[in-house]
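[1] Next input, structure requested:
(chains A, B, C and D)
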There are 2 protein chains.
Amino acid sequence: MADIDRSLVRALPLFNKLSDAELDRLLASATMRRVGMGEAVFEQGQKADRFFLLLHGRLKVTQVTADGQQIIVRMVHPGDIFGFAKALQRDDYPGTPTASAESVVICWPTEVWGLFVEQNPHLAVNAMQTIGQRLQEAHTRIREMATEEVERRVAHAVLRLVEQAGKTEGTGIRIDFQISRQDIAEMTGTTLHTVSRILSAWEAKGLVEGGRQKLLVRDTAGLQILAEGQAD
Amino acid sequence: MADIDRSLVRALPLFNKLSDAELDRLLASATMRRVGMGEAVFEQGQKADRFFLLLHGRLKVTQVTADGQQIIVRMVHPGDIFGFAKALQRDDYPGTPTASAESVVICWPTEVWGLFVEQNPHLAVNAMQTIGQRLQEAHTRIREMATEEVERRVAHAVLRLVEQAGKTEGTGIRIDFQISRQDIAEMTGTTLHTVSRILSAWEAKGLVEGGRQKLLVRDTAGLQILAEGQAD
DNA sequence: CGCATTCGTTGCGCCAGGACAAAGACCCTC
DNA sequence: GAGGGTCTTTGTCCTGGCGCAACGAATGCG
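    Numbering: from 1, shown residues only, chains lettered A, B, ... in the order given. Now for the predicted structure:
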């Protein structure tokens, strides 16, 4: 197996207080794994015995409700940790992370975390901040779902994707992984049909350019207006 | 000012790894404060220079959106910490905690937190778990808002209140603080009117008993069925 | 290259629940 | 105990967006 790219891990805020030696020790106990498109890293409900870090690629974390509906809880971007259920006193994983692009993850047995935090209080503080960040994102989403109409929610979701996974390309900004209308629907709490309609309308206005599993944003500012204002 | 009830603080999971001496030191730097009904502990947007612990009473944490709509982000129950924005690298408070009952809080300057965590790694781990708990609650709520209809969401919200603030009373379980239909609406992302209608219907079925700023649940199991199933 | 599968688009009807409105019910204050 | 403020209930209307359905387009596979 290829070596893990240390400089990439080094740069993560989560590990910014670790010495090189400590980081090496941490990496020594890590395992690397490739995850192909559409493949799941682990399954919802499975016993949580590892925690993960995404090196390359994208994952979407889904939850399935009792009555079979699916939602996307969040996207995982390179450098994000995920599957830290055990650190939050859960025994099983609450969701399923699935690759939306060819991905590479590294993982540790959960015990390693406990041992490591003992010796590195900073790590716990950083982890808390990371999780805190997630909490704030979650609250933002709750606020949006409670107060905004579908079109604005979709606009916000797309803008977020642009920020986190935007890749400048000739005529605009490409979302850098395969994303279907269904995915966007599951991120915004609506239906595939409605998303399709909204995107079609946006395409007519020249805001975006669609495509199968693709999305190219041409007018970020225009979307911003839709997301914020009452404008039309 | 009256003394802080040590046994109450002692019992909190957050502090369960601290020695009595450490706890005393922590309490020594704390300030106590009474908060009357409807009074805010701090305001959204204010500089985050303290963090808090609720000893007695109830707080509702609200956020106001740019266009003036309000939502209730969460309820704070005795023993919960709140206002820990600074620990999550925010400089201001993202919401406003307002007393829904006569309350007593204690607070520390944010610097104390940093100092204390240095010396007590366990505290950071516990704090992480506490915040992780919040994150999971937030995800649950996102899932509900995305997939469930209003009546089910209200049922879930009420059941949660029963769990966290239920007080057995002759004919059922009382929600132990002042709560208006408006509040429930802001917790579930709907309108006061819809909540009123739903509660009226439930009252007709004998599930609950209403009243001004009051709510008494008579049939928890019945609500559970509404919350879970497709039942009618 | 043809077939199957998955993904996207679009039209139409319908209804949950929001907007608006107005009238009680309760509480507090003076 | 009268009056004003807040909270609640209930009615009516209206619409955003969901469900259903059918078709079209792109991709992958044998």
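[2] Can you tell me how far the residue nearest to A:Leu12 when sequence neighbours are not counted is from A:Pro13?
    Here the nearest residue to A:Leu12 in space, its sequence neighbours aside, is A:Gly79; by Cβ to Cβ, 6 or more residues apart in numbering or on different chains that works out to 5.3 Å. Every C-beta, even on glycine, is put in place using the N, C-alpha and C of the backbone. Counting by Cβ to Cβ, to the nearest Å, the gap from A:Gly79 to A:Pro13 is 8 Å.
[3] go on, A:Ala85?
    Taking Cβ to Cβ, one finds A:Ala85 at 21 Å from A:Pro13.
[4] likewise A:Ile225?
    32 Å.
[5] before we move on, what about A:Gln129?
    Taken as Cβ to Cβ, the span from A:Gln129 to A:Pro13 is 8 Å.
[6] Pick out whichever of these two has more residues nearby.
    A:Gln129 (18 against 12; other Cβ atoms under 10 Å in any protein chain shown).
[7] mind listing what the more buried one touches?
    A:Pro13, B:Ala87, B:Leu88, B:Gln89 (Cβ atoms under 8 Å, 6 or more residues apart in numbering or on different chains).
[8] Over to A:Val208?
    Contacts of A:Val208 (Cβ under 8 Å, 6+ apart): A:Val158, A:Gly172, A:Leu199, A:Trp202, A:Leu215, A:Leu216, A:Val217, A:Arg218, A:Asp219, A:Leu223.
[9] Swap in 7 Å and give it another go.
    Applying Cβ atoms under 7 Å, 6 or more residues apart in numbering or on different chains, we find A:Val208 in contact with A:Leu199, A:Trp202, A:Leu215, A:Leu216, A:Val217, A:Arg218.
[10] out of these, which are inside helices?
    When DSSP state H is applied, the contacts of A:Val208 are split such that A:Leu199, A:Trp202 fall in helices.
[11] Identify the farthest-apart pair in the contacts of A:Val208.
    Farthest apart among these by Cβ to Cβ are A:Leu199 and A:Arg218. That separation is 12.2 Å.
[12] between those two, who's got more neighbours?
    Using other Cβ under 10 Å, the more surrounded residue of A:Leu199 and A:Arg218 is A:Leu199, with 19 against 16.
[13] what residues does chain A put near DNA strand C?
    Counting by Cβ under 7 Å from any atom of the strand, chain A comes close to DNA strand C at A:180-182, A:192-193, A:196-197, A:199-200, A:203, A:210, A:212-213.
[14] Residue numbers of chain A in contact with chain B?
    A:63, A:65, A:69, A:71, A:73, A:87-89, A:94, A:117-118, A:121, A:124-125, A:127-129, A:131-136, A:138-139, A:141-143, A:145-147, A:189 (Cβ under 7 Å from any Cβ of the partner chain).
[15] Show me where chain A has its strands.
    Applying DSSP state E to chain A gives strands spanning A:31-35, A:50-56, A:59-64, A:70-76, A:81-82, A:96-99, A:103-109, A:166-169, A:172-175, A:208-209, A:216-217.
[16] which residues are in contact with the second one?
    Applying Cβ under 7 Å, 6+ apart, the external contacts of strand A:50-56 come out as A:5, A:8, A:41, A:76-84, A:86-87, A:103-110, A:113.
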